[in-house]
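Q: heads up, no residue letters with this:
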Ligand SMILES: Nc1ncnc2c1ncn2[C@@H]1O[C@H](COP(=O)(O)OP(=O)(O)OP(=O)(O)O)[C@@H](O)[C@H]1O
Ligand SMILES: [Mg+2]
């Protein structure tokens, strides 16, 4: 054990001498002493005592003042015991000394044994204190080390996690592109095959009108199916267009309609396969939600199809509507089917994820999810393997929905009531020719341009009832063209015809200056309805009356 240092402070040299000689009898103790109390602070800094024996009544600085000075210099948490030497044994003095930082008392005249005992005790306490401090330092270091380790592990975990998410995304993307390629290739095979048949032997094929017609109808159907694949893909995460119409809807009625429409699947087909499926309606009346009825019916139908598929031996499907807290309502499709494994639950919302091989495209749930999200809703799945699945869709009430479009829906079968003069700006010659044909078929007059500048020149040279333009054009964008057209003829409607619509809208950029936005591919009827909607704006009030 190292030596301990004791500092003796007393103005009486005889006392100092006496204490020194008592302590000298003990082994492992070294003493320093002073009779001038003003020296204590400096001496303590120099010799770093483990114990101070301190007289109370001294000239210049009494023991209380010395204790105060020492305390002011001591770092927090440090334990330096002070043994007060006093002839004054009043309890008031003792209390004051204790309050000033004294740890014990020795009453003058001293008894040698008592001096030794008290010094030993106080030094032992100090040793314990120092040992504790060392121990704390060791503990703190090991906590710091552990914290470092944990932080490193956490960082590694995060890195692995984000890597996994990235891999998941890539895998989903791969699966998705595989699915698209598969579906589109099938449709393309049909299209290319039948057109090839028509072209290779055109004299014979085209003279056989019923056959040629059948081939053309097959090609058209395949093209429409491809367009449906693309349209479904667009559903994922698509933002709601500003012009999209969200109507107040009665959810229980909508669910009932979906149940009726899907009846062939759950009643007729199921019976033919020898199984019975009971569809039960538990529809409580609810306030309206804001939404697109066709899309929401598709969500319900997709969920019913899944429920039916999950019950190969028959069972119950319950369609339920209910309130879902403040400002929201919900519908549920619950089945008593096979349920989902953990993996299926985790992946069922991925586009093209299916466990149905050839019979499923793996799009039902992901499309439903996309639609629900665009309605500011939530889709939750609760499934128990072997017992069944409940899918709940929560939707905000009509008043609570945000950003609802005000534009009127395009009337089905509508067409403009007169022939119009149309400026058609489109840089793809095939699309331009096709849309021109659509327009001419309805006896409209078409003036074509292949870029914005040419379009504007032609617009300036003649009077037009309507502009139809692509968005991505060389030199001058469709948006700039529309602005220039509106600047010259404020009342002239402009229809945007674009394949980029979703990309543009998804970025939250609603192109300005267009009266209607149409997506490619379009059919003559889409164009007719859009023209009927906007052409009214060019009808002079007198003619309209
Ligand atoms: N009610 C359900 N019970 C059990 N499994 C389900 C249920 N609904 C969905 N699943 C699982 O989730 C998968 C994905 O469903 P999703 O509707 O997206 O695609 P799909 O039904 O396979 O094909 P699609 O709907 O395009 O015809 C299904 O293949 C099935 O494994
Ligand atoms: Mg499905």
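A: Looks like it arrived, so ask away. As the structure is a prediction and not an experimental result, all values here were calculated from the model. Residues are numbered from 1 along each chain as shown. Ligands and ions are numbered 1, 2, ... in the order given.

Q: switch to C-alpha atoms for all contacts and neighbour counts from now on
A: OK.

Q: got the confidence number for the residue lying closest to residue 37 once chain neighbours are set aside?
A: With sequence-adjacent residues excluded and distances taken as CA to CA, 6 or more residues apart in numbering, residue 37 is closest to residue 61, at 5.9 Å. The per-residue pLDDT reported for residue 61 equals 93.

Q: and for residue 500?
A: On pLDDT, residue 500 comes in at 66.

Q: same question, residue 325
A: 86.

Q: one more: residue 478?
A: The model's pLDDT for residue 478 equals 88.

Q: nearest residue to it other than its sequence neighbours?
A: Using CA to CA, 6+ apart, the nearest residue to residue 478 is residue 471, at 4.2 Å.

Q: pretty sure the one you found is in a strand, no?
A: No: read with DSSP: H, G, I helix; E, B strand; the rest coil, residue 471 is coil and lies in no strand.

Q: count of residues packed around it?
A: 25 (other CA atoms under 10 Å).

Q: tell me where the longest helix sits in the chain.
A: helix 112-200 (DSSP state H).

Q: for stretch 71-88, measure first residue to last.
A: 23 Å (CA to CA, to the nearest Å).

Q: tell me which residues are up against whatever helix or strand residue 43 lives in.
A: Assessed by DSSP states H and E, residue 43 sits inside helix 40-47. Helix 40-47 has contacts (CA atoms under 8 Å, 6 or more residues apart in numbering) with 5, 7, 9, 32, 34, 66, 69, 70.

Q: rerun that using 6 Å as the cut-off
A: Helix 40-47 has contacts (CA atoms under 6 Å, 6 or more residues apart in numbering) with no other residue.

Q: need the contact list for the residue nearest to residue 478.
A: Residue 471 touches 477, 478, 498, counting by CA under 6 Å, 6+ apart.

Q: ok, residue 378 next?
A: By CA under 6 Å, 6+ apart, the neighbours of residue 378 are 393, 394.

Q: what separation do you get for it and ligand 1?
A: 16 Å (CA to the nearest ligand atom, to the nearest Å).

Q: that residue bridge partners, please.
A: Beta-bridge partners for residue 378, by DSSP bridges, are residue 394.

Q: how close does it sit to residue 324?
A: 11 Å.

Q: swap in residue 528?
A: 42 Å.

Q: got any ranges where this structure has weak pLDDT?
A: 1-2, 168-169, 171-176, 178-179, 232-245, 399-412, 500-510, 536-545 (pLDDT under 70).

Q: domain-wise, how is it divided?
A: According to automatic domain parsing, the chain comprises the domains 4-110, 178-234, 247-400, 421-544.

Q: got a list of what whichever residue of the stretch 251-400 of the chain sits closest to ligand 2 touches?
A: Of all residues in the stretch 251-400 of the chain, the one sitting closest to ligand 2 is residue 364 (4.0 Å; CA to the ion). By CA under 6 Å, 6+ apart, the contact list for residue 364 reads residue 302.

Q: give me that answer again for 8 Å
A: Applying CA under 8 Å, 6+ apart, the residues near residue 364 are 299, 302, 303, 306.

Q: need those residues in a markdown table (columns: neighbour count).
A: Formatted as a markdown table, the contacts of residue 364 follow (neighbours: other CA atoms under 10 Å):
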| residue | neighbour count |
| --- | --- |
| 299 | 24 |
| 302 | 20 |
| 303 | 23 |
| 306 | 18 |
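
Q: pick the one among these closest to residue 329.
A: In terms of CA to CA, no member of the contacts of residue 364 lies closer to residue 329 than residue 299, at 15.3 Å.

Q: ok, now which ones touch that closest one?
A: 364, 367, 368, 371, 372.

Q: mutual contacts of residue 378 and residue 324, please.
A: Residues touching both residue 378 and residue 324 by CA under 8 Å, 6+ apart: residue 394.

Q: is the longest helix of the chain anywhere near ligand 1?
A: No: judged by CA under 6 Å from any ligand atom, helix 112-200 stays clear of ligand 1, getting no closer than 10.7 Å.

Q: next, the buried residues of whichever helix or strand comes after that helix.
A: Going down the chain from helix 112-200, the next helix or strand is helix 202-207, by DSSP H and E. The neighbour-count check on helix 202-207 (16 or more other CA atoms under 10 Å) flags residue 205 as buried.

Q: now do stretch 286-301
A: Buried-residue list, stretch 286-301, by 16+ other CA under 10 Å: 286-293, 296-301.

Q: out of these, list just those in helices.
A: For those, secondary structure assignment (DSSP H) places 293, 296, 297, 298, 299, 300, 301 in helices.

Q: against residue 157, how distant is residue 143?
A: For residue 143 relative to residue 157 (CA to CA), the value is 20 Å.

Q: flag every residue of the stretch 201-350 of the chain that's near ligand 2.
A: residue 306 (CA under 5 Å from the ion).

Q: do a quick rundown of the helices in the stretch 201-350 of the chain.
A: Using DSSP state H, counting those that start in this stretch, the helices found in the stretch 201-350 of the chain span residues 202-207, 209-234, 251-261, 263, 270-272, 293-309, 342-347.
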